[in-house]
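Q: one predicted model, sequence on top.
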Amino acid sequence: MENNTTDRLKSTVKDLSATRKQIEAELTAAEAAKEYETVLDAVAERAKLRGFRQGHAPRELVKQMFGHEVEHDVIDRLVPRVLDEILESDRLHAVGVPSVKNVHFEEGGPLTFTAVIETWPDFELPVYKRLKLRKREILVAPEDIDRSIEELRRKNADFVPVEGRGVADGDYVTVELQGRDLKTKRLMPAERVVVLAGREGNDPAVDQNILGLNVQEEKTYTATFSADHGNRKHAGKTVEYRLKVLSIKEMKYPEVNDDFAKHLGELENLAGLKDKIRQELEAGRARSARRETSEEAVQAVIDQAAIEVPASVLEEETESVLKNYASQLGPRGLNREAAEALHAQARAQAERNLKRHLVIQRIAQAENLTVSEEEIDREIESVALANNVPLARVMESFREEGRRDGLKATLQSRKVVDFLVGQAIIE
């Protein structure tokens, strides 16, 4: 507990937890009286009382009529000011909105109140140098290169019209479908759809009935839909469909040879393509390994530190994480159990985010790892170059959207992580 007393203000700061402090404040009657007189003067100037011109009513009458409102105005003006003064003198950095209660002030008396604030925790940094981290192997096997080449073959395949046979699994088939409600005999609008034959998720009836059909060949089949079918137009109906195949195309994959390699770019032969793929895979896996090692380093420090996160900040960060989850989920709804599980997951992620932020900040301070304005400008230049956007436009974007501070924090985090990995023992 800390006590601070001056001629005008008494305050006591008591630790409720690592992140919550209670402040008892008392502003002397003399100091409160000064503000009371200032507020009373302002009210008297605006007061309109019968028999007196505006601003000329006796002060005692104004006090009698508006004394209660004056006292409330004094409280509203003095409490934030006094609280800020205490926070500054005690070097306390409040997060969130302080909770103020037990406020008391009457004319001629002192102003007293109690405030509870949340602060960032003051924790002791554990050992963060010479961390033991796991070495990650960067290996590219021949089958990895083969899979990449197969992916390139798929991307460069052509759709070739089929001749001399009917529809088979894997074909892209354009069909015309028209249904007729067997109960009402009413024809439904004709639809033209493209189907990848045999693909999981297709309408089983369509998949079943197009197999073997040739171009311009037709087939009729009947489908019965349940009352709770997702498509309301079909729910509870028995429909007779006329299916007509309009076109059949199959994927024609290029052969894997020197010509294929030359077609993809400035490569002389297949060996050159394989070498390029290997280099790209190794570079990508090296980046992934670096990210994993970096996260392992930061987590190793977090795991050793006793950090309590302020409740209000944790709630705010949890909401932010939930919004991010919601954007990924899209319009899909969640039942209560799933929503609760998602909230718990978001809260855990939010706590990790905040602890990471605190550890990064403390190590940056301990090692004097700062970021200059020139470094921020160079990073913005890199962003502009990577995205092929004029530098002036990117610079303006960072200024207008207030993103420079965010970029500065990112660069500082990068410096801290690089420092941790550079100091670590990787084995």
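A: Happy to help now that I have it. It should be emphasised that the depicted structure is a prediction, and the values quoted were computed from it without experimental measurement.
Q: please make it C-alpha for all contacts and neighbour counts, starting now.
A: OK.
Q: burial of the nearest residue to residue 210 once chain neighbours are set aside, as a residue count?
A: Leaving aside its sequence neighbours, residue 210 sits nearest to residue 167 (Cα to Cα, 6 or more residues apart in numbering; 6.5 Å). Neighbour count of residue 167, defined by other Cα atoms under 10 Å: 23.
Q: for the one 10 residues further on, same thing?
A: Neighbourhood size, residue 177 [other Cα under 10 Å]: 20.
Q: mind giving me the packing neighbours of the helix or strand containing it?
A: Element membership for residue 177 (DSSP states H and E) is strand 172-181. For strand 172-181, the packing partners by 3 or more Cα pairs under 8 Å, 6 or more residues apart in numbering; DSSP states H and E come out as strand 191-196, strand 238-252.
Q: tell me the pLDDT at residue 161?
A: Residue 161 is assigned a predicted lDDT (pLDDT) of 91.
Q: hmm, I typed the wrong one, I wanted residue 332.
A: 63.
Q: ok, now which ones touch the closest residue in space to residue 92 that isn't next to it in sequence?
A: Nearest non-adjacent residue to residue 92, counting by Cα to Cα, 6+ apart: residue 119, 7.3 Å away. Contact analysis of residue 119 by Cα atoms under 8 Å, 6 or more residues apart in numbering lists 19-21, 92-95, 310.
Q: give me the contact list for the strand holding residue 177.
A: 167, 186-197, 237-250.
Q: can you flag which of the contacts of residue 119 belong to helices?
A: Among the contacts of residue 119, no member is found in helices (DSSP state H).
Q: which single one of those is nearest to residue 153?
A: residue 310 (53.5 Å; Cα to Cα).
Q: go ahead and confirm that closest one touches residue 21.
A: No - Residue 310 is beyond contact range of residue 21, at 11.1 Å (criterion: Cα atoms under 8 Å).
Q: joint contacts of those two?
A: 118-119.
Q: give me the mean pLDDT for the strand holding residue 177.
A: pLDDT averaged over strand 172-181 gives 90.
Q: between it and strand 191-196, how many degrees?
A: Counting by axes from the mean of the first three to the mean of the last three Cα atoms, to 10 degrees, strand 172-181 lies at 140 degrees to strand 191-196.
Q: which residues of this protein score low on pLDDT?
A: 1-4, 47, 50-51, 53, 55-57, 62, 64, 230, 330-333 (pLDDT under 70).
Q: got the domain boundaries for it?
A: The chain breaks down by automatic domain parsing into domains covering 2-119, 158-252, 290-426.
Q: and residue 22, what does it touch?
A: Shown in contact with residue 22 (Cα under 8 Å, 6+ apart): 12-16, 114-117.
Q: contact partners for the residue nearest to the spatial centre of the chain?
A: Of all residues in the chain, the one closest to the mean position by Cα atoms, centre = their mean is residue 324, 4.2 Å from it. For residue 324, no contacting residues are found, by Cα under 8 Å, 6+ apart.
Q: mind running it again at 10 Å?
A: By Cα atoms under 10 Å, 6 or more residues apart in numbering, the residues touching residue 324 are 318, 346.
Q: how close does it sit to residue 316?
A: Using Cα to Cα, to the nearest Å, we find residue 324 at a distance of 13 Å from residue 316.
Q: phi, psi for residue 376 please.
A: phi -60, psi -40 (degrees, to the nearest 10).
Q: checking the residue nearest to residue 210 next. Helix, strand or coil?
A: The local conformation at residue 167, judged by DSSP: H, G, I helix; E, B strand; the rest coil, is coil.
Q: that one contacts residue 197, doesn't it?
A: Yes - applying Cα atoms under 10 Å, one finds residue 167 in contact with residue 197, separated by 7.7 Å.
Q: what touches both of the two?
A: Joint contacts of residue 167 and residue 197 (Cα under 10 Å, 6+ apart) are 173, 207, 210-211, 248.
Q: and residue 363, how many neighbours does it have?
A: Residue 363 - counted by other Cα under 10 Å - has 19 other residues nearby.
Q: that one: what's it in contact with?
A: Contacts of residue 363 (Cα under 10 Å, 6+ apart): 125, 128, 301, 369, 413, 416-417, 419-420.
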